[in-house]
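*Asks:* pasting a predicted model and its sequence here:
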Amino acid sequence: MATPRGGSVRTVAPSTGGPPAAARTPAPARTASGWRARLHRLDRHASPYAYVAPFFVLFAAFGIFPLIYTAWVSLHDWNLLSSDNPFIGLDNYTALFGDGYFWNAAFNTLSIGVLSAVPQLLLALLLAHLLNRPLRAQTLFRITLLLPNVTSVVAVVVIFSQLFGRDFGLINMVLEWLGVGRINWQAGVATSHVAIAVMIMWRWTGYNALIYLAAMQAVPKEIYEAATLDGASSLRQLWSITLPMIRPTVIFTVIVTTIGSMQIIAEPLLFGAQVSNGAAATGGTDRQFQTLALYLYEKGFRSFEFGYASAAAWVMFLLVVVVVGFNYLVVRRMRGGLDA
Amino acid sequence: MLRSLRARPLTYLTLVAVAFFSAFPVYWSVIVASHDNAALAEVPPPLLPGGNFFANVRRVFDTAPFALALLNSFVVAGSITVSVMFFSTLAGFAFAKLRFRGRNVLLLMTVVTMMVPTQLGIIPLYMLMIKLEWTGTMYAVIVPALVNAFGVFFMTQYLSRALPTELLEAGRIDGCGTARLFWHVVIPAARPAAAVLGMLTFMTAWNDYFWPLVVLTPDNPTVQVALSQLASGYVRDFTLGLTGTAVATLPLVLIFVLLGKQIIGGIMQGAVKG
């Protein structure tokens, strides 16, 4: 998958031959054409940079610069209202590591991340496997699977908060009917994490299934034929043939999902807002579902401690790198096991 | 036909069940939006739409600045979409078909930046918006989103495959400068992929919530911000919240139903190449 991409990018570039040969003719007498030639050469050399410049300039200004500047802000006692922002070295970081709420948020992020990402990707894999065969209404299935992804985070949380509602929620109604009894989903650590994980799963499973499906369609059908003749079951084929063959895509989705999981904010923010405005930024009345990104929001945009929040952002950035690296290694090791 | 890849009844049953769970919450929001609050307390709950939808919609527009929010969201998502389509095609053309020093390094940088969690730079970005005096205005939402790495990468992939180099060389021989090549050869060739990119971008911009929440004010919101105000707070008015949800989601679902096939094709294409 990666090879043809690199190949095509490198091989299709136009050769330097052609027009420049004519343009290079030295013609001191004919100043008009000399001017034209110089313009032409300028066009050839400068245009590519001019064309990629808007992207890099805008991305540097509004994407990269803020990220780097975060490190500088994190070394100061920086507040929205104060005019004087003294340099305090690593004091923000020391305070952060001693802050129980920070570690609580780190735990919640990890817990919600695992609860949402693992079942989501496994289910997506299974769904893609089911879709990867001649089916009636193939397009209809695909569109329905992607429908949750079109719905906005806000809409998802509003809808699911109603479904998970304590008194009039449909889910509690069903649970009561089953004899389990009503659950106050927002109140507990485990229950609120499950509820938020369900929202994330609902929104992203179909999307990941389509990505897996795209990769699966590139696997040669003959391999499956041979495996079927050898008597391998459908699930066995998914595990032993499909999974190793679409490994790059699996790695890609694991990384993207991990990065997304580490930054979950809108779901807990809005889920808490269903309880009260005060419970929004804290992720529930007892911070039972405050994620790291939400902690950053609370410090930065409720109490406007920019320096402290920036320190939290940088630690989060490092955590993202560490967790992504860890997951990458795990998935790569898995490949070894599958190949064997 | 292969036995393992044949669709058995169980396959259909599973897929129908998953499709049901995918569609039900959206359907449920329509049900709630077309009843009054009292209907929600009934056991069993109503499973068919009621006749209260338009009365609820009126209530939504009376409670929150929803008309302004819809207008803002159209302006924001529209300008971001046009800009992303244009700049991505421009940069994609350069990366796919032009030779210049540092191209491979710059392309690699583009791919890497797709992975950078830029959300973590939100505090300096906010400080920047205060400096520019853009807080509370749509500039703050539009300008940082004018370009993105995914778009550039997506168009680079498409153009390197779909735009014949001979066509460009023929244009060169006819005396076309790079800019004219771009307008008359590249843009027509890029249209199918640019359309898919446009749809994905519009969806993302329309649904964006966190940054608009931080940088905008309640009296001049986008749809998602207005919706979150409508659905939170001390008054537990689910009908109001879910009617707002239906209104905010409707434009997208409409686009999606009409163009779903192309959008799915785009996501799957992007995936294979990503």
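*Replies:* Sure thing, it's come through. Remember, it's a predicted structure, so these values are computed and weren't measured experimentally.
*Asks:* what about B:Tyr27, how many neighbours?
*Replies:* Using other C-beta atoms under 10 Å in any protein chain shown, B:Tyr27 is surrounded by 13 other residues. Placement of C-beta: from N, CA and C, glycine included.
*Asks:* and it, how close does it get to B:Thr249?
*Replies:* Note on B:Tyr27: its distance to B:Thr249, by C-beta to C-beta, to the nearest Å, is 12 Å.
*Asks:* same deal with A:Thr191?
*Replies:* 27 Å.
*Asks:* settle it for me: which of those two has more neighbours?
*Replies:* More crowded of A:Thr191 and B:Thr249, by other C-beta under 10 Å: B:Thr249, with 27 against 16.
*Asks:* CA atoms of the helix or strand of chain B with the lowest mean pLDDT as CSV?
*Replies:* Here the helix or strand of chain B ranked lowest by mean pLDDT, DSSP states H and E is helix B:37-40, holding a mean of 73. Provided in CSV are the C-alpha atoms of helix B:37-40 (Å, rounded to 0.1, in the frame of the first residue of the first chain):
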residue,chain,number,x,y,z
ASN,B,37,-42.1,16.8,27.0
ALA,B,38,-45.0,14.9,28.6
ALA,B,39,-44.8,12.2,25.9
LEU,B,40,-41.3,11.3,27.1
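*Asks:* other SSEs contacting the helix or strand following that helix?
*Replies:* Counting by DSSP states H and E, the element after helix B:37-40 in chain order, helix or strand, is helix B:53-63. In terms of contact count using 3 or more C-beta pairs under 8 Å, 6 or more residues apart in numbering or on different chains; DSSP states H and E, helix B:53-63 is assigned the packing partners helix B:238-273.
*Asks:* buried sites along the helix it packs on?
*Replies:* For helix B:238-273, burial by neighbour count (16 or more other C-beta atoms under 10 Å in any protein chain shown) applies to B:238-249, B:251-252, B:255-256, B:260, B:263-273.
*Asks:* near chain A at all, it?
*Replies:* Yes. Against chain A, helix B:238-273 shows contacts by C-beta under 8 Å from any C-beta of the partner chain at B:238, B:241-242, B:244-245, B:248-249, B:252-253, B:256-257, B:260-261, B:263-264, B:267-269, B:271-273.
*Asks:* list the buried residues for the longest helix along chain A?
*Replies:* The longest helix of chain A (DSSP state H) is helix A:306-339. Neighbour counts over helix A:306-339 (16+ other C-beta under 10 Å) mark A:306-317, A:320, A:323-324, A:327, A:331, A:334 as buried.
*Asks:* can you tell me if the least confident helix or strand of chain B touches chain A.
*Replies:* Yes. Counting by C-beta under 8 Å from any C-beta, chain A has neighbours in helix B:37-40: B:Leu40.
*Asks:* centre of the chain to that helix, how far?
*Replies:* The chain centroid and the centroid of helix B:37-40 are separated by 33 Å under C-alpha atoms, centre = their mean, to the nearest Å.
*Asks:* ok, stretch B:165-172 next?
*Replies:* For stretch B:165-172, the distance to the chain centre is 34 Å (C-alpha atoms, centre = their mean).
*Asks:* could I get the buried residue list for it?
*Replies:* Applying 16+ other C-beta under 10 Å to stretch B:165-172 flags B:168-169, B:171-172 as buried.
*Asks:* next: stretch A:99-113.
*Replies:* For stretch A:99-113, burial by neighbour count (16+ other C-beta under 10 Å) applies to A:102, A:104-106, A:108-113.
*Asks:* that stretch near chain B anywhere?
*Replies:* No. Interface with chain B: stretch A:99-113 contributes nothing (C-beta under 8 Å from any C-beta), its closest point being 12.8 Å away.
*Asks:* what does that stretch contact?
*Replies:* Residues from elsewhere that reach stretch A:99-113 (C-beta atoms under 8 Å, 6 or more residues apart in numbering or on different chains): A:96, A:189, A:193, A:196-197, A:200, A:258, A:261-262, A:264, A:268, A:283, A:287-295, A:312, A:319.
*Asks:* same question for stretch B:9-17.
*Replies:* By C-beta under 8 Å, 6+ apart, the residues outside stretch B:9-17 that reach it are A:127, A:130-131, A:133, A:135-136, A:141.
*Asks:* what's near enough to touch the closest residue to B:Met199 other than its chain neighbours?
*Replies:* Closest residue to B:Met199 apart from its sequence neighbours, by C-beta to C-beta, 6 or more residues apart in numbering or on different chains: B:Ile263 at 5.3 Å. By C-beta under 8 Å, 6+ apart, the contact set of B:Ile263 is A:146, B:196, B:199-200, B:203, B:256.
*Asks:* could I get those as JSON lines with secondary structure and distance to B:Phe150?
*Replies:* Listed next are those as JSON lines, based on DSSP: H, G, I helix; E, B strand; the rest coil; distance: C-beta to C-beta, whole Å:
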{"residue": "A:Leu146", "secondary structure": "helix", "distance to B:Phe150": "17"}
{"residue": "B:Val196", "secondary structure": "helix", "distance to B:Phe150": "12"}
{"residue": "B:Met199", "secondary structure": "helix", "distance to B:Phe150": "13"}
{"residue": "B:Leu200", "secondary structure": "helix", "distance to B:Phe150": "8"}
{"residue": "B:Met203", "secondary structure": "helix", "distance to B:Phe150": "13"}
{"residue": "B:Phe256", "secondary structure": "helix", "distance to B:Phe150": "19"}
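*Asks:* lowest-confidence entry in those?
*Replies:* In this model, the minimum pLDDT among the contacts of B:Ile263 belongs to B:Phe256 (80).
*Asks:* so that residue makes contact with A:Pro148?
*Replies:* No. Using C-beta atoms under 8 Å, B:Phe256 is not in contact with A:Pro148, being 11.0 Å away.
*Asks:* below-threshold pLDDT in the stretch 151-274 of chain B: ranges please.
*Replies:* Within the stretch 151-274 of chain B, the stretches with pLDDT under 70 are B:233-236, B:269-274.
*Asks:* thinking again about what came up before, restrict the buried residues of helix A:306-339 to those that also contact chain B, please.
*Replies:* Okay, of the buried residues of helix A:306-339 touching chain B (C-beta under 8 Å from any C-beta), that's A:306, A:309-310, A:313-314, A:316-317, A:320, A:324.
*Asks:* in a markdown table, list those residues along with pLDDT and distance to B:Glu133.
*Replies:* Shown next, in a markdown table, are these (pLDDT from 0 to 100; distance: C-beta to C-beta, whole Å):
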| residue | pLDDT | distance to B:Glu133 |
| --- | --- | --- |
| A:Phe306 | 93 | 18 |
| A:Ala309 | 93 | 22 |
| A:Ser310 | 93 | 22 |
| A:Ala313 | 92 | 24 |
| A:Trp314 | 91 | 27 |
| A:Met316 | 91 | 29 |
| A:Phe317 | 89 | 28 |
| A:Val320 | 88 | 32 |
| A:Val324 | 87 | 37 |
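*Asks:* farthest-separated two in those residues?
*Replies:* Largest separation among those by C-beta to C-beta: A:Phe306 and A:Val324, giving 26.2 Å.
*Asks:* tell me where the model's unsure across chain A.
*Replies:* In chain A, residues with pLDDT under 70: A:1-32, A:334-340.
*Asks:* quick test: name the residue nearest the centre of it.
*Replies:* A:Gly260 (3.2 Å; C-alpha atoms, centre = their mean).
*Asks:* can you pull out the helices in the stretch 51-200 of chain B?
*Replies:* B:53-63, B:66-97, B:103-113, B:122-131, B:139-142, B:149-162, B:165-173, B:178-181, B:187-207 (DSSP state H, counting those that start in this stretch).
*Asks:* among those, which is nearest A:Phe62?
*Replies:* Nearest to A:Phe62, of all the helices of the stretch 51-200 of chain B, is helix B:122-131, at 6.6 Å by C-beta to C-beta.
*Asks:* is it true that B:Ser88 touches B:Ala149?
*Replies:* No. The pair B:Ser88 / B:Ala149 is not scored as a contact, 9.3 Å apart, by C-beta under 8 Å.
*Asks:* looking at the two, which is more packed in?
*Replies:* Taking neighbours as other C-beta under 10 Å, B:Ser88 and B:Ala149 compare with B:Ser88 leading, 30 against 22.
*Asks:* for the closest residue to the more buried one other than its chain neighbours, give me its contacts.
*Replies:* Sequence neighbours aside, B:Gly151 is the residue nearest to B:Ser88 in space, at 3.4 Å (criterion: C-beta to C-beta, 6+ apart). Residues near B:Gly151 by C-beta under 8 Å, 6+ apart: B:84-85, B:87-88, B:92, B:197, B:201.
*Asks:* please consider this matter closed, and thank you.
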